[in-house]
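Visitor: here's a sequence, model it:
(one chain, ligands or ions: 1)
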Amino acid sequence: MANIEDKFMPWVMTAPQYSIAVCDTAWAHPEYGRMMLNENPVPPSPQVVEAVTEIIKSGNRYPDRMFRLRTKLAELHGVKMDNIALAHGSSETIDAMMRIFMKPGDEFLCSEPTFEMFPSRAGLTGCVNVQIPLRESDLQYDVDAMLAAVNDKTKLILIINPNNPTGIFIDDADLIKFCELGIPLCIDEAYLDYHPQVEAKIDLMEKYPHVFLSHTLSKAYGLAGVRLGYAVAQPEVVEAFNRMYLPWNISLMAMAAAEAILDNPGEVKQKVEYNNHWMDVFVKELEAKGLKPFPPHGNYMLVDANMTGKKSQEIVDAARDKHQVMIKTIKPIHGKDGYFRVTPGIVEENERFVAFVREYFSS
Ligand SMILES: Cc1ncc(COP(=O)(O)O)c(C=O)c1O
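Guide: Now for the predicted structure:
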């Protein structure tokens with residue numbers, strides 16, 4: 001009899017896998033500081049908890065299309081309800097955009113490194129990931145090289161702003177060059193709420209019908225485990241997303257949590273201030289040891305420790321084994337294997353991270 005695996009679509013087992021195994025370790029070891037996943041260390045407020053506790057009493061009922069939540073998000077961005085497509089975390093937006101725009105043989109264009117969910121979900125459509133290395137000098141998007149890679153097969157382009165894992169913003173003039181191509185362009189603004197001085201690119205979405213924005217409540221809003229993301233797009237694109245999603249992709253509990261925090265913007269402001277305070281502390285501590293932290297514009301900081309001769313995995317292992325904090329390895333960038341990424345945790349975890357930096361990078 002034929003092997004069942006021979007019946008799978010060829011790309012099912014060959015697409016890059018996005019592994020969440022690190023979450024298994026983190027949940028199994030609550031003593032470890034979770035500073036590797038760009039989570040928000042501050043738990044939901046009592047108002048959010050109360051709203052979820054209340055709605056679960058209606059958990060026997062199917063949800064509706066959540067016009068009220070969509071309207072609240074639309075008001076936040078100064079757009080209309082039909083510009084908002086709700087997703088089960090922005091990872092679902094990523095998955096749906098691939099299935100809307102890509103078919104086998106098409107090309108998805110993004111940077112290397114990037115948020116790995118994108119190449120993973122793209123690969124599952126059978127399309128080709130075209131990943132252009134960041135500029136070696138400053139790890140900014142290599143805009144010229146990306147534009148040069150565009151061809152007839154390019155069906156979707158991604159710009160994360162600020163980028164993950166670098167935390168760097170792209171210049172507006174460069175972003176517009178991508179918009180002008182007329183190719184579907186996702187601007188992922190998952191971390192923009194940490195830097196409210198920079199506005200969401202609503203104007204680009206309004207001017208260019210093929211441009212759409214991806215947002216999430218997983219980061220500054222601190223609802224990663226609740227799973228709520230949304231795309232801001234022109235109504236035709238929202239309609240395509242809504243057709244691609246499963247009906248009832250958002251649970252009543254996620255809806256209630258989202259509405260409760262949107263009604264209380266002070267909660268997000270406090271979380272952002274907490275994050276940005278600790279980022280300042282980390283920058284000072286890392287610089288004092290001669291390391292090079294990239295300016296953080298989200299809740300994560302890329303750190304260049306290449307000058308120490310230590311490798312990413314060694315650094316991450318030492319932080320976990322000696323100080324019980326989990327930070328993230330970064331694959332070599334332009335052949336350099338001494339980068340890591342860190343996200344603020346709760347106060348004691350941050351203090352342990354600082355102790356690690358002082359001790360480990362002294363030698
Ligand atoms: C750039 C970027 N986009 C999207 C996400 C996914 O977030 P979620 O699916 O939790 O909304 C992440 C998570 O780390 C991210 O870094």
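Visitor: report pLDDT for Ser91.
Guide: For Ser91, the pLDDT comes out at 98.
Visitor: before we move on, what about Leu185?
Guide: Looking at Leu185, its pLDDT stands at 98.
Visitor: wait, doesn't it sit right on Ile160?
Guide: No. Using CB atoms under 8 Å as the test, Leu185 is too far from Ile160 to be in contact (11.7 Å). Glycine gets a C-beta too; all of them are placed from N, C-alpha and C.
Visitor: who touches both of the two?
Guide: By CB atoms under 8 Å, 6 or more residues apart in numbering, Leu185 and Ile160 have no common neighbours.
Visitor: please, where are all the strands along the stretch 201-350 of the chain?
Guide: Along the stretch 201-350 of the chain, the segments classed as strands by DSSP state E, counting those that start in this stretch run 211-216, 229-232, 292-293, 301-304, 325-326, 328-329, 339-342.
Visitor: with respect to Glu92, which of these lies nearest?
Guide: strand 229-232 (6.5 Å; CB to CB).
Visitor: run me through the strand neighbours of the closest one, direction for each.
Guide: Applying DSSP bridges, strand 229-232 is found paired with strand 84-87 (antiparallel), strand 211-216 (antiparallel).
Visitor: what's the closest non-adjacent residue to Leu139?
Guide: Spatial nearest neighbour of Leu139, excluding adjacent residues (CB to CB, 6 or more residues apart in numbering): Thr166 at 4.8 Å.
Visitor: next, the one you found: secondary structure please.
Guide: Three-state call for Thr166 (DSSP: H, G, I helix; E, B strand; the rest coil): coil.
Visitor: how about the residues of this structure near the ligand?
Guide: 38, 89-91, 115, 160, 164, 188, 190, 216, 218, 224, 229 (CB under 6 Å from any ligand atom).
Visitor: closest to Glu206 among those residues?
Guide: Distances from Glu206 to the residues of the chain next to the ligand, taken as CB to CB, are shortest for Asp188 (17.9 Å).
Visitor: ok, the closest one - how many residues close by?
Guide: 27 (other CB atoms under 10 Å).
Visitor: pretty sure it sits against Ser214.
Guide: Yes. Using CB under 8 Å, Asp188 makes contact with Ser214 at a distance of 4.5 Å.
Visitor: which neighbours do these two have in common?
Guide: Shared contacts of Asp188 and Ser214, counting by CB under 8 Å, 6+ apart, come down to Ser90.
Visitor: run through who's touching stretch 75-89.
Guide: The contact list for stretch 75-89 (CB under 8 Å, 6+ apart) reads 66-67, 69-71, 73-74, 93, 96, 200, 202, 205-206, 216, 218, 224, 227-235, 237-238, 241-242, 245, 249-250, 254, 262.
Visitor: restricted to helices, list these.
Guide: For the contacts of stretch 75-89, membership in helices holds for 67, 69-71, 73-74, 93, 96, 202, 205-206, 235, 237-238, 241-242, 254, 262, with DSSP state H as the criterion.
Visitor: okay, the closest residue in space to Ser312 that isn't next to it in sequence: pLDDT?
Guide: The shortest distance from Ser312 to any non-neighbouring residue, by CB to CB, 6+ apart, is to Thr329 (4.3 Å). As predicted, Thr329 sits at a pLDDT of 97.
Visitor: which residues does Thr329 contact?
Guide: Contacts of Thr329 (CB under 8 Å, 6+ apart): Ser312, Gln313, Ile315, Val316, Phe340.
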